[in-house]
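Peer 1: The following comprises the amino acid sequence and a computationally predicted model.
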Amino acid sequence: DSGVTQTPKHLITATGQRVTLRCSPRSGDLSVYWYQQSLDQGLQFLIQYYNGEERAKGNILERFSAQQFPDLHSELNLSSLELGDSALYFCASSVVTSGANVLTFGAGSRLTVL
Amino acid sequence: AQRVTQPEKLLSVFKGAPVELKCNYSYSGSPELFWYVQYSRQRLQLLLRHISRESIKGFTADLNKGETSFHLKKPFAQEEDSAMYYCALSGSNYQLIWGAGTKLIIKP
């Protein structure tokens, strides 16, 4: 077990709906990252939080938002869902070791929008 | 601009043949480079990092600053090596820059 926990594992919903994905980082890791992985786009960085504060933003749509709570767990909210949002959403947490950032990934949440 | 390029989307080799997954980078400072692997239906996991100079599952990668490359190599491919491989760069602000990934298929 990598220590990064994501729920739910699978989610099927309809267009226009809103979903929330949850991530608990590995114990002691302060940074949380969200990634989207789809067949045609590969691995896309969405957003990073560090100790509750937004640290970096990637290709995150305005319909998507995230936050990191005081207990360091994070949630990714996806709203007004479209068919193209169907993807695997990964959360990762990190610790800086030997001057570099090493990520530990969760198992992912597979979202299917019908 | 900071960039990681994996020129091959798909690489298919026979079992027992040598494997080389290419990774080139563009970065002005001294980067830290990584290879992550994703086996079928599993999470991404760190395979190796250049600073460790270690061999994991028979794979090695050498940082070539002159050619700005960090190619992943294995002398004899095994079927269990079939996976998606991502090269990533960690810059001075610890942000990770990812390549597009290479799908490696090992044919029996």
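Peer 2: Now that the structure is in, tell me what you want to look at.

Peer 1: Can you give me the distance of the residue of chain B found nearest chain A to residue A:50?
Peer 2: For chain B and chain A, the shortest gap (CB to the nearest CB) falls at residue B:32, measuring 3.7 Å. For the C-beta atoms, the positions are set from N, CA and C on the backbone; glycine is no exception. Applying CB to CB, to the nearest Å, the value for residue B:32 to residue A:50 is 18 Å.

Peer 1: These two: which is more packed in?
Peer 2: Comparing residue B:32 with residue A:50 by neighbour count (other CB atoms under 10 Å in any protein chain shown), the higher total belongs to residue B:32, at 21 against 17.

Peer 1: my guess is the more buried one meets residue B:87, correct?
Peer 2: No: checked against CB atoms under 8 Å, the pair residue B:32 and residue B:87 is beyond contact range at 11.9 Å.

Peer 1: Relative to the longest strand anywhere in chain A, what are the paired strands and their orientations?
Peer 2: Using DSSP state E, we find that the single longest strand of chain A is strand A:87-97. Paired neighbours of strand A:87-97 in the sheet (DSSP bridges): strand A:31-38 (antiparallel), strand A:100-105 (antiparallel), strand A:109-113 (antiparallel).

Peer 1: Quick one: neighbours of residue B:30, just the number.
Peer 2: Close neighbours of residue B:30, defined as other CB under 10 Å, add up to 10.

Peer 1: And for the one 5 residues further on?
Peer 2: Neighbours of residue B:35 under the rule other CB under 10 Å: 23.

Peer 1: Now do the host helix or strand of it: distance to the chain's middle.
Peer 2: Assigned by DSSP states H and E, residue B:35 belongs to strand B:32-38. Computed by CA atoms, centre = their mean, to the nearest Å, the chain-centroid distance of strand B:32-38 equals 5 Å.

Peer 1: buried residues in it?
Peer 2: B:32, B:33, B:34, B:35, B:36, B:37, B:38 (16 or more other CB atoms under 10 Å in any protein chain shown).

Peer 1: now the residue nearest the centre of chain A, which residues is it bridged with?
Peer 2: The centroid of chain A falls nearest to residue A:34 when counting by CA atoms, centre = their mean (2.9 Å). Judged by DSSP bridges, the bridge partners of residue A:34 are residue A:47, residue A:91.

Peer 1: now the angle between strand B:32-38 and the lowest-mean-pLDDT helix or strand in chain A, please.
Peer 2: Among the helices and strands of chain A, strand A:100-105 carries the lowest confidence by mean pLDDT, DSSP states H and E, at a mean of 83. Relative orientation of strand A:100-105 and strand B:32-38, computed by axes from the mean of the first three to the mean of the last three CA atoms, to 10 degrees: 10 degrees.
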